[in-house]
Structures are given as C-alpha cells and as structure tokens.
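Colleague: 3D model of this:
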Amino acid sequence: MRTIAFVCLLMGLVGVATPRRHSGPQTDKLPITLYYEALCPYCMEFVTTQLSPSMVRLDRLPYTNLKLIPYGNAETDDAGKVACQHGVQECELNAWHACILEHHSMAESLKLIACMMRGKKNRLDKCSDRYQIDVAEVKNCKASRQVDDILKKYGEETSKVSFLGVPAIALDNIYDANLSANLTEDFDHFFCAAYQKKFQKKLNDCE
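Modeller: Reported below is the predicted structural model:
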C-alpha cells in the first residue's frame, strides 16, 4: 500500500472517520464518505482535481452513495462552540458547504462545492451563476442559523471516525488509513477497482 503523502494534519490528538440519467433504482451504489474542511489545501486539491472529475466528468456519481462531511479537524467544545483548524473563515465556508448539502442534490452540491474550493473566499454567487443553480435556500440557511448549529451534525459524524488528517475517505462505510491514502492519491483507479470487486461489474472508462 502507498503511504499517505498529503493531508491537513490535526494540531494535537483528536479522537474523532446534473450527471447523465441512468436506469434508476437498480443501480448498485458504492458508499464513499469524504471527511474534509474547506480551506485545507490538500482537500481543495483532492476535490477539484480527483473527486469532482471522477464523479462528474467520468460519471461515477450514479454508482456512488457519496457523502461529504465539511468539518475535518475542527473541534467542538462543551458549550457547542466550533473552532476550525484554519480559523473563523473556514468555519464560515464549512457552514456554507453544509447548507448547500442540505438543500441540493449531491450532483448539484458537488458542482457548487468543487467550484467554491477553487478559491479561498466565498465564491457561491459566481459558482451558482456558472451552473445556473438557484441558491436562495442556501443563503437563507446560512443567514438564519448559527455556524455552530449548522456544523453540529457534521461534527457528530466526524467524531465516529479516527483519522490523523484530511482529506480522509471511508469506502463502503469503512475508514482505513492505507486505503484512504490510496484513494487520495489516485481516486478513480481505486474506486473502479473497489466497485468491480464488490459488484462484479466494470464501469465505463475504468482501466
């Protein structure tokens, strides 16, 4: 197994792991969960250069139960206050991502989030214009709720997994550090191999 090369590491020990239409509910789907944070440079690189191209351009999303968990190495204190590794701006952006995920399909969410992660500022308007996606509910979500409340459930999900840094990827609902490293370095290749092994089916354009 390859060793993990690029992650946004924890600062201390934290014990926390529109594509084309297809023939519907019969499609076998491989669960993938990405634990990430908005301003981690390695998360930004992974989402924009590997995850999004695989899911969108290579059309893997119809074969995937994809979950995005925008929390990463943040910490929540006993009072419920969230502190993010890259500061207040990252918490704000994580919350924007969370609101996108709450109000849009995964196909639309991934397009918006990948677009936003090409920069370090809030690019929601630019990205929504690019893809012609109405984000009024996203803006209402962010304006009407506190960041700590928005991120609460993502912190709870993250606390179920123990990882040393992000991006961290669970495949088929299991987080394994070595496999996560492989997925981080060459996502589509290892996704294809895992899908074929689980369902005995080879997806289009897989090596």
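Colleague: who touches Thr33 in this structure?
Modeller: Contacts for Thr33 (CB atoms under 8 Å, 6 or more residues apart in numbering) come out as 17, 66-69, 169-170, 173, 175. From N, CA and C alone the C-beta is placed, and that goes for glycine too.
Colleague: and which of those residues is nearest to Val138?
Modeller: Nearest to Val138, judged by CB to CB, of the contacts of Thr33 is Leu68 at 14.2 Å.
Colleague: please enumerate the helices of this protein.
Modeller: If DSSP state H is used as the criterion, the helices of the chain fall at 41-46, 52, 88-103, 106-116, 124-131, 136-144, 147-158, 177-185, 187-199.
Colleague: need those helices in CSV (columns: distance to Ala74).
Modeller: Converted to CSV, those look like this (distance: least, CB to CB, whole Å):
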stretch, distance to Ala74
helix 41-46, 12
helix 52, 23
helix 88-103, 7
helix 106-116, 17
helix 124-131, 20
helix 136-144, 17
helix 147-158, 7
helix 177-185, 19
helix 187-199, 23
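Colleague: I'd like the ones you listed as JSON lines, with mean pLDDT, mean neighbour count and distance to Glu75 appended.
Modeller: Below are the helices of the chain laid out as JSON lines (pLDDT from 0 to 100; neighbours: other CB atoms under 10 Å; distance: least, CB to CB, whole Å):
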{"stretch": "helix 41-46", "mean pLDDT": "98", "mean neighbour count": "19", "distance to Glu75": "17"}
{"stretch": "helix 52", "mean pLDDT": "98", "mean neighbour count": "20", "distance to Glu75": "28"}
{"stretch": "helix 88-103", "mean pLDDT": "98", "mean neighbour count": "22", "distance to Glu75": "11"}
{"stretch": "helix 106-116", "mean pLDDT": "98", "mean neighbour count": "21", "distance to Glu75": "22"}
{"stretch": "helix 124-131", "mean pLDDT": "97", "mean neighbour count": "15", "distance to Glu75": "25"}
{"stretch": "helix 136-144", "mean pLDDT": "98", "mean neighbour count": "14", "distance to Glu75": "21"}
{"stretch": "helix 147-158", "mean pLDDT": "97", "mean neighbour count": "19", "distance to Glu75": "8"}
{"stretch": "helix 177-185", "mean pLDDT": "95", "mean neighbour count": "20", "distance to Glu75": "20"}
{"stretch": "helix 187-199", "mean pLDDT": "97", "mean neighbour count": "18", "distance to Glu75": "27"}
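Colleague: I'd like to know which of those lies nearest to Gly80.
Modeller: Nearest to Gly80, of those and by CB to CB, is helix 147-158 at 5.4 Å.
Colleague: Leu61: which of the helices of the chain is closest?
Modeller: helix 106-116 (6.0 Å).
Colleague: ok, residues contacting the closest one?
Modeller: 18-19, 38, 47-48, 51-52, 55-56, 61, 66, 68, 93, 96-97, 100-101, 104, 122-124, 126-128, 130-131, 133, 135.
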